[in-house]
Each structure stands twice: as structure tokens, then as C-alpha cells.
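>>> show me how the following folds:
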Amino acid sequence: MTEIISTVLFLIAVIDPLGSVPVYLEATKQFDKKYKRRVAIRASILAFFILLFFIVIGQLILEGMEVSLDAFQISGGVILFLFALTMIFGDGKPEMEKHLISDYKHVTIFPVAIPSIASPGAIMAVVLMTDNHIYTVQQQAVTSFLVLVVIGITCLLLLAANIVKDRIGEYGITVISKIMGLILASYAVQSILVGLRDFFV
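Numbering: from 1, shown residues only. The predicted structure is shown next:
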């Protein structure tokens, strides 16, 4: 149970559902309520299938390239750490991704589904968390279900985006995103240390 809770917390940190709220609001500001709801649901479904794709295919890609587990843990940890640093010291996820909006007619895919929900950090994280050499099929299935749960939470937050923004405020969302970045940085460092330990043993 503790492992499931820690996995959910980590997924929340890397996907950062609250950080997607301002991006979603900016991306859908020209639409009516019905279309906004459709964007939230479609973007969440699309983001889940993108992450599921990398859960299933990511391992095959690594093995096809003959990348060792230790090397992937180290490189994946470095990438996650750099991603976390942008969350902590950068303008924050909401501000960075708002600037990516150039075409308001196709915001469901970009930037709401990618990179706001299914970010590069999230993709890297789910591949690390479902490595065939470490985790059983059952454990990977549980992780996939937990990804679905967190995406579901994200979808609910997007559907209630205006309420969330009024209650927490954009500044509060940015602060929470930076805290999520700190948690992610800790996991990234741990992944690097484990990879280095196993490589030199």
C-alpha cells in the first residue's frame, strides 16, 4: 500500500495536474463551455494513451538499441533532474507552456495533451517505472492503472479549472508546481545514484 501511495505521489509530481490548469484555461479561452469540456476529456485520453504507448514500447526501443539498464537509469535520471530544475528555477510549467500556444484551433493535442499532461519528464518516468528487468508484468499493470488514475485526476481538475484557479490562484499553482519539481529532482537523483551503484558493483 505504501508503495502504491508513493507511486501515485511521484506520478502527480511528474505529471503535475495543477500545473496544467492555467495552460488549459489559456488554450481554451476562446471556446464555449461545451467545447472546453471536450478538450479536457480528449486531451486527457490522448495523454494517457501516449504514456501507455511508451510503457509498452519504451522497453523494446531500449533493448533494440542495446542500452543497458544502468545506463538508462543514469541518463533517465539526468533528464528528469534537468526537467525538475526547469520546474523549480524556471518561469514554472504554466508560464512556459502558455507561450507554446500558437494555434488555438488545435490545442487539444498541443499543448494540452503534449507537453502539458504527457510531458517529456512524464514519458521518461513511466518508462523508468515499468522496466522489464526490474518490475513484473503485474507491477507494470498496477503502474499503468495508477497512471490512468492520475490522468483521471488531471481531467477532473481541468473540468473544474475555473473553480481551481479561483480557489488557489495562478501564483499558488506556480508554487505547487515548483514543489512538485523538488520532489521530482529527489527521485531523479536517486535514480542516478542507483544506476551508478549498480554499474560499478
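>>> what helix or strand is the nearest residue to residue 12 once chain neighbours are set aside located in?
Nearest residue to residue 12 in three dimensions, chain neighbours excluded: residue 150, at 5.7 Å (CB to CB, 6 or more residues apart in numbering). From N, CA and C alone the C-beta is placed, and that goes for glycine too. Per DSSP states H and E, residue 150 falls inside helix 137-159.
>>> average pLDDT for whichever helix or strand comes after that helix?
Next in sequence after helix 137-159, counting helices and strands by DSSP H and E, comes helix 161-200. Helix 161-200 carries an average pLDDT of 89.
>>> check stretch 110-125 too.
Average pLDDT, stretch 110-125: 90.
>>> list the contacts for the residue nearest to residue 12?
For residue 150, the contact set (CB atoms under 8 Å, 6 or more residues apart in numbering) comprises 8, 11, 12, 15, 17.
>>> looking at those, which are in helices?
8, 11, 12, 15, 17 (DSSP state H).
>>> and the third one, how close does it get to residue 165?
I take that to be residue 12. 18 Å (CB to CB, to the nearest Å).
>>> just the second one next, same as before
Noted for residue 11: a distance of 23 Å to residue 165, by CB to CB.
>>> okay, these two: which has more neighbours?
Shown here are residue 11 and residue 165; by other CB atoms under 10 Å, residue 11 has more neighbours (23 against 17).
>>> surely that one is in contact with residue 147?
Yes: applying CB atoms under 8 Å as the test, residue 11 and residue 147 come out as touching, 6.2 Å apart.
>>> okay, the helix holding residue 150 in PDB with CA atoms only?
The C-alpha trace of helix 137-159 is given here as PDB (Å, rounded to 0.1, in the frame of the first residue of the first chain):
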ATOM      1  CA  VAL A 137       4.000  -7.800 -15.500                       C
ATOM      2  CA  GLN A 138       1.600  -7.400 -12.600                       C
ATOM      3  CA  GLN A 139       3.600  -4.400 -11.200                       C
ATOM      4  CA  GLN A 140       3.700  -2.800 -14.600                       C
ATOM      5  CA  ALA A 141      -0.100  -3.300 -14.900                       C
ATOM      6  CA  VAL A 142      -0.600  -1.600 -11.500                       C
ATOM      7  CA  THR A 143       1.700   1.300 -12.600                       C
ATOM      8  CA  SER A 144      -0.300   1.700 -15.800                       C
ATOM      9  CA  PHE A 145      -3.500   1.800 -13.800                       C
ATOM     10  CA  LEU A 146      -2.100   4.400 -11.400                       C
ATOM     11  CA  VAL A 147      -1.100   6.500 -14.400                       C
ATOM     12  CA  LEU A 148      -4.700   6.300 -15.500                       C
ATOM     13  CA  VAL A 149      -5.800   7.400 -12.000                       C
ATOM     14  CA  VAL A 150      -3.600  10.400 -12.100                       C
ATOM     15  CA  ILE A 151      -4.700  11.300 -15.600                       C
ATOM     16  CA  GLY A 152      -8.300  11.000 -14.300                       C
ATOM     17  CA  ILE A 153      -7.500  13.400 -11.500                       C
ATOM     18  CA  THR A 154      -5.900  15.800 -14.100                       C
ATOM     19  CA  CYS A 155      -9.100  15.600 -16.200                       C
ATOM     20  CA  LEU A 156     -11.300  16.400 -13.200                       C
ATOM     21  CA  LEU A 157      -9.100  19.400 -12.400                       C
ATOM     22  CA  LEU A 158      -9.300  20.600 -16.000                       C
ATOM     23  CA  LEU A 159     -13.100  20.300 -15.900                       C
END
